[in-house]
Structures are given as structure tokens and as C-alpha cells.
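Trainee: Here is a sequence together with a model predicted from it:
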Protein chains: 2
Amino acid sequence: MAIRTHECGILRGEHAGERVVLKGWVQRRRDFGGLIFIDLRDRSGIVQIVFTPENSQEALDLADSFRTEYVIEVEGEVKRRADDMINPNMETGMVEVYVDKVELINKAKTTPFQIEDRIVVNEDLRLKYRYLDLRRPVMYNTFKMRSDVTKVIRNFLQDEGFLEVETPILTKSTPEGARDYLVPSRVHEGEFYALPQSPQLFKQLLMVSGFEKYFQIARCFRDEDLRADRQPEFTQIDMEMSFMTQEEILDLNERLIQKVMKDIKDIEIPRPFQRMKYDEAMARYGSDKPDVRFGLELIQLSDVVEGCNFKVFAQTVEAGNEVKGLNIKGANDKYSRKDLDELTKYVGRYGAKGLAWMKVTEEGLTGPIGKFFQDEFGQKLMERMGAEPGDTLVFVADKRSVVADSLGALRKKLGKDLGLIDESQFAFLWITDWPLLEYSEEEGRYTAAHHPFTRPFEEDLEKMATAPGEVRAQAYDIVLNGYELGGGSLRIYEKELQEKMFEVLGFTKEQANEQFGFLMDAFEYGVPPHGGIAFGLDRLVMLLAGRDNLRDTIAFPKTASASDLMTEAPSEVSEAQLDELHIKTKTLADEL
Amino acid sequence: MAIRTHECGILRGEHAGERVVLKGWVQRRRDFGGLIFIDLRDRSGIVQIVFTPENSQEALDLADSFRTEYVIEVEGEVKRRADDMINPNMETGMVEVYVDKVELINKAKTTPFQIEDRIVVNEDLRLKYRYLDLRRPVMYNTFKMRSDVTKVIRNFLQDEGFLEVETPILTKSTPEGARDYLVPSRVHEGEFYALPQSPQLFKQLLMVSGFEKYFQIARCFRDEDLRADRQPEFTQIDMEMSFMTQEEILDLNERLIQKVMKDIKDIEIPRPFQRMKYDEAMARYGSDKPDVRFGLELIQLSDVVEGCNFKVFAQTVEAGNEVKGLNIKGANDKYSRKDLDELTKYVGRYGAKGLAWMKVTEEGLTGPIGKFFQDEFGQKLMERMGAEPGDTLVFVADKRSVVADSLGALRKKLGKDLGLIDESQFAFLWITDWPLLEYSEEEGRYTAAHHPFTRPFEEDLEKMATAPGEVRAQAYDIVLNGYELGGGSLRIYEKELQEKMFEVLGFTKEQANEQFGFLMDAFEYGVPPHGGIAFGLDRLVMLLAGRDNLRDTIAFPKTASASDLMTEAPSEVSEAQLDELHIKTKTLADEL
């Protein structure tokens, strides 16, 4: 075997006359006029290689046995192509390599799908043959980008004085939050480790240790039913820092993102990023992660329709609920009655009992509820909504949360359907001033909106006992194009406040101690003010690479039922293995 | 709270006259002449701050309440110390900060041990209060170095065209090798994931994918009984590359290590590193990871003592076993008969039935077996051993493996006891040409010396069936100062050879398919030649930082019984959690 001299994809006119050794895969073979042409592929790209009887009859004969995806090694001379043979669609299209020595390294069966970017194939098949799926250039390029992104992030943070510290994967189960993956202990009979949902407690303890600036690109685990954008294991860019204000933390992260966008996408993102309080985001966009690349904002109408003739609206306001609408500019010709019925069904999925609508025409307001608004209520409503002839107005009247959810979702759908979104734009946005707690009907108690270590606003502290739902948190999420990219908060660093927080969450002292005793202990030995943030790396890469599936950013992902179709994990294990771990499967136990 | 302007440890004479805001921990407080002096510590170091009535009576009063490890914030002016007050033992000893504003951020109880480098304290206590242990500068500096080491490694590899790719933590159990940690599946009743012992199969599959150059700083897991230098989870610097020869791989890794040594320790390591075949290492050092910083090599004597008057030696050789010795130069005065009895006990631990010895004096050979060597055998033996008056000669006569183990261990011990080792030296060494297989008496079959994917020497292939124990592997370990730092190999990339390997290891076709079917499938689709290596990061950092305990290089390590003394993991979990996972603890199941 000879030493490779070049990668295929880098050959250009300037290499003409050079002898090269290439190694790679047969992408395609064509026989023409007694010659054999092969597109040879490696991770850098493709170059055409030519076998001729003049250069080597022996090589030509061997090449005759080559099939797609065979691994070969060739040696030969780079030649500039004749002007009329130049292929402008190939980066190496100026040249071809005339082969005089060739070696067959490995054969290949016909692959279950073609190794090309544009294939239409069942995702399960791609996952079963993930090693072939990853051979497609679009996949390689995504993972190249992922590697580059982490490089930029690490270097930025290390240059800023952050230490990368690894925290344990075998940790303690803390049932607050999502479901834990458990690991039975062989040494400690009947006891279990848990895989971490995040390094939260460990990174806070590193602040207690005075590490001051910590980061980690950390694997995290949640045993939840998977949606399209969830994986049982995922990666987060995890940071924690001491002695910094919220503003300093946001500024640092803006500079980090700016650096990533510049180095990876060559896009300049101006600073400071847009900031919006949670309440404002919910009011204007019906979402805590609004896509601000387009308008079509939710318009508050409760005050305008109070006492109007359309009883549904009037009564909604009277009952203390809310009426809001969207003005779909110039959409009258685009949405038929049937289309609007479809939109009604769409908002129904978000709990809205209906979608009222009107069309603004030169002749006035028309449509099902138009007749109720032929008065000054209609005038005020049109004014508030900036309505002009041609506009379609849609409304939801319901509980505040239903209005937000349904109109927020409708806004996103319309933005996409109507092509209102500039897909080339990257709109970053901070959402701040979150609620600290949310009431869980299911559990009959307040739960932490973020997590139990989030710091309340000092001025809201007195409401902790009286009006927990109104306490704001010193928390911040970063949103990109309608996706939550990350989030964080300042943390509680006083033992008394942390105890109070556990109390509000309904923990007894014993429960708090059993689960978080070591943290409470640590809080007695001089804890600095600290805060942090975590970004979802998988999602960041997905957005940067322009993919629409998280699985395309994870080398060996799992399906919605948490299976690896390639290795067939999870799988049965031997009785002896379980015995050593002091456990039995329930089925087996039940048979006894 | 004000914005911090400087870190404590960086203040120097040039800062005199500047106003600064510092934040940190009270290391020490002294009251003197109505003033208060505090050593203020942050991660950068310590600076002395001074409270005086002239600067602020209020600050002075507050400072009077400060105790060790309180977290405080101070504002004041940097002043150069009077010449006779300069402290040459402190990096900031030229200056002190006169405080006029101070804030108490957090109080601290008395810590269970002092936050200082040199403490004598039970390790269990350090682990229980790990967040305080990590506050000690020596610990912080170790983790700073660890972070720097990974930075150098990542940048080097990414600059060399390697992609960092994350492989799964929830994988399939493959019982070959060490014991797996298992994770019960909630979705798939009765099935389990395993935590990976290494990313071996995934990185080979990435080569099948044509990624060509992969690396990962990967967490790995082994559920083994822990020795001092083992942890249930550990980190490895993991690489795999295609189309490269063994020589290219070694060269790349030498350049990597050279870079690490230069950037981290400012030490130039010459290349190429020393190379030694496994057989030679075992013969000369009795070890596959010899410390080559000193001589005291094992001397082969079987041919010299064949037929000699000392029957133990003569019979050993006759039985096909081995006699080897060490010449402890000039040690006659250092080792009394009693000392040599101790050494005899020492080699006994390695299976040696005894340690024969002689002393070389001006009068000839003395000591227990001296009388047997007053002839030409004695002459030849002294010649072979380079013996001169003053030298002590020690011998083991036994089976080859016992001779190697016992004299290899004795050599290390003597090297340390006699101060033969230059501790400032970093002696890197490659051990190559390993055996592919080793016979396991316990299992009654050959097992893979490295792992089942290691590539045999082409010229030894025919011995696979006839003399498996003699087949050499294209494998290599890197050794530093007597520690195995890492190891790797070229891999099998042909389906037929891999099948043959499984066969030699005693797998049935079904077993091979069940466990490694996906790999065997992958081998049909055009696999490039590839190989890789993995370094133990924890051990590398331990050696670079001059620590002698792996736990000091892991932020939150586990004890020998795999417990985390701080969080008390593993722990009991709720019945509900186990129910969801379809398992029962055996104790519970047995009660049913």
C-alpha cells in the first residue's frame, strides 16, 4: 500500500502534471470507447479518474471488475481536461487523473440505498444502515460543522478563562423534573445510580469550589416519550460562572454566538441582541420563543370589544378572559371560506373553541361575524388592527393561555404558509423576567418553572408566600428563529432562600435534605453569587446546518421508541448479568 | 454589587494607584495595631487587603465580623508596600489594597479541613466535602491543567483534519471484555442498554462511513472491582483513522504528545520516540510497560548456568524454565542479609519461590549461593552480568512469566528505593508487535489480548489455526515512565478475517452474529483499512500534574466501592420508578 498524497476533492488545474496517490470509494463507473471512467470519492469530494490501455492495460483490466462503493487505491498523473470536457458542476472538473497503478482494497455489495445527498428513503432504513447514511456528503458535512461549532465554542470559552470540567454520568437520582435513567449497582445491593438530566448540581458545586468559570459540552439523559425533536441522550453546552451579573452573562453569550455565526456561517450578528420580557413575548407573539423574523403580531382587543354586539366576544371579556386577533394583510384572495375552516380546525388542536373571522373589503366588514361590527366597535377594531381593504382578520376569544397557544401557533403557520419568513435570517432574541413558579393542576402544587435553584427577583421575595405565581425569576432563554436554543438563570446562593424555595415547592425538610442535603451543606461554607446557561448543541447544529430533524445532527441517534435500529439496543441480557446486579425483570419475577 | 475589575492574584507593583473591585474568599485575617489585614483569595491567587480607620471606619467595623471562607467584595486602592513590608513569598507581595468599601456576600461555617495545599486529612472526608477539597489551589491547578490539556489535544487533532464525533452512551451490551453497566429500558420491557466500555465499534463504523479521521474525548464505563488507579467511569482520548499505516499513526501521535508536552510543561520531547517490541520489553524489563528512565535490566542467564553446580539453577534450565538476574551496582553496603530477606518476600508476592543472591567482593563471590560459583560458571556469570566488586547480584529461577513478573517488579522497586530514577524526565516509549491472543486457563480458550478487532500480522495469518499463541498483532501501546498511557492497533477490515477471528475466539456463528451482526453487515459495503488508538486522559493528567492518585484528576470521583461520598450515589429509588422500568430488586422479588 502506498502513502496517500492527496485527497480527491482538492485537485485543481494547478495540480496538472503531478503524480498522485488517491484512496477512496467508487461513486460511479462509466465505460466509453474502451476506456473506464470512475468518479472516485473520499470525504473531501469527488474526482474523475481514467483507465486507458496506454497508461496500463493491467489497471484497465482490474478496473473492469470495480463496482459502486468498492474501496480502491490508485496512482497516476493529474491532467488538465480538454476545454470542451471541463465539468463546471464539479469542483475538480478542470482535471482528471490518468491511472497507471491500481489496487482493489475492498469489495462492496450493492448498498440498500444510493450514497447521494438527494435520496428518498424510509428513515428506518437509513438508521439501520447508519454507517452508509453517514457516507452521504450532506451528512458528513453536518458532522464536520458540528465538530467545527464545538471547536469555536471551546476555544472562545477557554480564551475567556473558562475551565472545561467533566462531571459524572453515574450520579444520584433526583426525581424532581423528568424521568431518570437508572443504573443498578452491583456493589450496593438494591441501590441505583441515575444518568444526569443535566450537570446542574455539580456545576453549582464547582462554583462553591471557587472555579468561577466552568463549561462542559455535556451529555444529558431524559427518559421521556420522544417527540420529533427529543432524544433520550442529548448534548448541551453547559456553563456556570461566579460573581457576574445577568447582564454580564448575556453579553458573554452574545459574543460567543456572534463568534460562532461569524466563523461557521460568515454572518455578522449585531449586538446587543433583542431583549424581551416573558410577558411581552406572550402578549405579542403568544409564545415564549417567538420567531421575530416576521410580524403578524397578536393584537389585544379585549378593551375594544367590551360590550360589543357580538356576544361571544363581549361575554368572553366579561368573564375575565381575552379576545385577540391577527390581521392577515392582503389575504382576502388567498383564504377561501374552506381554507378558513381548515384554520379553525388547526387552532382547535390548541384548545380554541373556534376561530372567528372577517374580511375587510371596500364595502366594509364581511364574513360570518362582519354583521356584528357595522358600528363604532367595528371602526375601533379596524383602527386597533390597522385593517385596510384586502385584509383578513381572525380572532380567538378564550382563556388567556388558550388564546396565546392557538393564535401563537396560527401565527407561525401563517408566517410559513404565506412566505413571510426570510429563511436566510438568524434572529436571536433573549426572553427575560420569567415566572419563577407555575401551578401544576395535576400535582396540586407549585412547581419550578425552570428548576428549584433559580433566583427570584429580590423585590418579589415577599410574594413567595402570598402570591407565588407572580414571583419573577432572574432567568433568561435565548431564542433563535422560533426555537428555544438555550436558557439559564442566576441561582440562589443563600441557604435560607433555598430552603424557602423547597418549602414553596412542597418539599418537607426531610425530603429536601434527602435529595439535596449535600447542596444545602455546601451552602454553609461560603457560596459566591453565580449563574449559568445551557445551550442545546444538537438543535444549534440543526439550525446552523439548515436541517429540520435533530436525528440528522446526532451520529447514532435513537428512534421515537428509544431504539438504536443499527445495533438493536436495548436488548435482552443474560440472567447471570442480572443476578450480579441483584435485579430481576418483572416478567421473570412475576412467574416465580 | 459592583463589577469586579481585577482578579486578586494578578495585582503587581504596576497596579499601584489604581482603584480596584475584588471578590473572593477570606483566606486569613490578622488584626494588628487597630488595623485588619485579610488575605483575599480567588482562583487566581491571594492578595493582602487592609482595613484602616482612615480609609473607612465603617468598612473596618464590618471587617471585624469576617471569618475564614467568608465571601466578600471590596473596593479600594492598590498601594505599593513599604520596602521592608514586601513579601517575596507571595506573587502579589509587592502590593496591598486599602479598602474603603466592603460588602459581605456570604458567611461560612468553620470548614472541616483547611483550604490549603498541604493538609493531612482522611481522603473520605475530602471526598464528602469535595466542593471544599476542590477549593484548594493544588486541586484547582490540576483541573486547570486538565482543561488546558484537552484544549491542546482538540486543537491539534482538529487542525490535523480530525472530526470530533459523539458516540452514544446508551448502547448495546457486548459481554466480551469487562463487566457492563446496564440501564433498564422503560419502553422495551425486559431489555437493557449498556454503558460503553469504549466507543470501539462506533468509531470503526465511522470509518466505514468514510469519516476518515475521528476523535472524541469519550467517557467510558467498566463495572469492575476498583483498584487504586481505576474508576467506574473514566475518560479516554479516542481516535480512529483510515488509509494510514501504523507508522503514520505513531508519527501523528508523537507529534500530538510533543505538542502537549511543549504547551503544558514547556518540555521538548525529541522524535521519533523509542520503539520496542513486546518480546524485547518482556526480556529486558520483565514488563510490557517498562520505565526506561533507568537501567538495571534483567539479564538472561539460562545459557550461562546450564549444567552449573547450583542445582536449583541447573534443574530450572533443564526443565525448560528460565534463570535471570539483576546486577544491583555497588549495593553491597546498602543491602544487609535482612534487607535481602525482605526483597525475597517482595518477589514472593509475584509468585517467585525465592530470590537467590550473591555479593561480589574483592575476595570473590560470597553470600548464600556464592560457594556454588567459585568456578568457571561463576566467571561466565560475572562476565555476563558485568559484575564488579561491590555489586549485589540477585536471581530468580522459575517459569518464564514468574521470572518476568517478579524481577520486573523488583527492578521497579529497586529503581525507586535506590533513587535511580530522574523524576524530572518524561520517557515515552512505544511497545509494538504484541501477541494477538492469549490463552485463558480459566475459560479454556484463547481470548483477544487487545480486542477481537485487532489486525494480525499478514505473515502470521497461517498460524491462526495451528499456533494461535504465536500470532502477532499490529498493535501498539504507548508507555510513559512505566505507566501504560494508551494503546491501539490496526483493525481487521475484511469480513472473512473477522469471522475467522471470532472462530478462533470460540464464538459460534450465531453468537458472533447476535453480538456483532451489524458490524459484520457493515463489512460488506466497502470498508477502508483503518486503525486507531486511545489514551487514558485521567492518567495523562495525573502524570503531567505530578499527582499519584487518579482521583485527584477527576472532579467528582468515586471510591473503591464505586460510591460518591458527597451525593451518596448510588442510592435507593422508589418502587414506582422500578415499576416503570419493569424490574424488581432481587431482595424484593425473593420475598414474593
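Mentor: Looks like it came in fine.
Trainee: low pLDDT regions in chain A?
Mentor: For chain A, residues meeting the criterion pLDDT under 70 lie at A:176, A:226-229, A:587-592.
Trainee: what's the longest helix in it?
Mentor: helix A:137-159 (DSSP state H).
Trainee: helices or strands next to that helix in the packing?
Mentor: Helix A:137-159 sits against strand A:163-164, strand A:213-221, helix A:246-265, helix A:537-544, helix B:137-159, strand B:163-164, with contacts defined as 3 or more CB pairs under 8 Å, 6 or more residues apart in numbering or on different chains; DSSP states H and E. Backbone N, C-alpha and C define where each C-beta goes, glycine included.
Trainee: With mean neighbour count and distance to B:L62 added, can I get those in TSV?
Mentor: Putting those into TSV (neighbours: other CB atoms under 10 Å in any protein chain shown; distance: least, CB to CB, whole Å) gives the following:
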stretch	mean neighbour count	distance to B:L62
strand A:163-164	22	32
strand A:213-221	23	28
helix A:246-265	17	25
helix A:537-544	22	44
helix B:137-159	19	27
strand B:163-164	22	49
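Trainee: Tabulate those (TSV), appending distance to B:K416.
Mentor: Supplementary listing: the helices and strands packed on helix A:137-159 in TSV, determined by distance: least, CB to CB, whole Å:
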stretch	distance to B:K416
strand A:163-164	33
strand A:213-221	37
helix A:246-265	48
helix A:537-544	46
helix B:137-159	23
strand B:163-164	39
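Trainee: Kindly report the residues of the stretch 1-150 of chain A close to chain B.
Mentor: A:1, A:3-4, A:23-25, A:41-43, A:69-71, A:105-109, A:111, A:129-132, A:134-135, A:139-140, A:143-144, A:146-148, A:150 (CB under 8 Å from any CB of the partner chain).
Trainee: which residues touch A:W357?
Mentor: A:L340, A:G367, A:P368, A:I369, A:T392, A:L393, A:V394, A:F395 (CB atoms under 8 Å, 6 or more residues apart in numbering or on different chains).
Trainee: pretty sure A:N327 is in contact with A:R384, am I right?
Mentor: No: between A:N327 and A:R384 there is no contact under CB atoms under 8 Å: 9.4 Å.
Trainee: Please, which helix or strand holds the residue nearest to A:I533 when sequence neighbours are not counted?
Mentor: Distances taken as CB to CB, 6 or more residues apart in numbering or on different chains put A:G488 closest to A:I533, at 3.0 Å, once the chain neighbours are dropped. Applying DSSP states H and E as the criterion places A:G488 in strand A:483-490.
Trainee: Extract the CA atoms of that strand and return them as CSV.
Mentor: Extracted in CSV, the C-alpha atoms of strand A:483-490 (Å, rounded to 0.1, in the frame of the first residue of the first chain):
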residue,chain,number,x,y,z
TYR,A,483,-36.7,27.7,18.6
GLU,A,484,-35.5,27.7,22.2
LEU,A,485,-31.8,27.4,21.8
GLY,A,486,-30.9,27.6,25.5
GLY,A,487,-31.7,29.0,28.8
GLY,A,488,-30.3,29.8,32.2
SER,A,489,-30.6,31.9,35.3
LEU,A,490,-28.9,33.4,38.2
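Trainee: Break chain A down into its structural domains.
Mentor: A:18-106, A:116-275+A:476-487+A:531-583, A:294-421, A:435-472+A:494-527 (the TED database).
Trainee: tell me the most buried of those?
Mentor: domain A:116-275+A:476-487+A:531-583 (a mean of 20; mean count of other CB atoms under 10 Å in any protein chain shown).
Trainee: Quick check: end-to-end length of it?
Mentor: Taking CA to CA, to the nearest Å, domain A:116-275+A:476-487+A:531-583 runs 47 Å from one end to the other.
Trainee: roughly how far out does it sit from the chain middle?
Mentor: Relative to its chain's centre, domain A:116-275+A:476-487+A:531-583 lies at 10 Å (CA atoms, centre = their mean, to the nearest Å).
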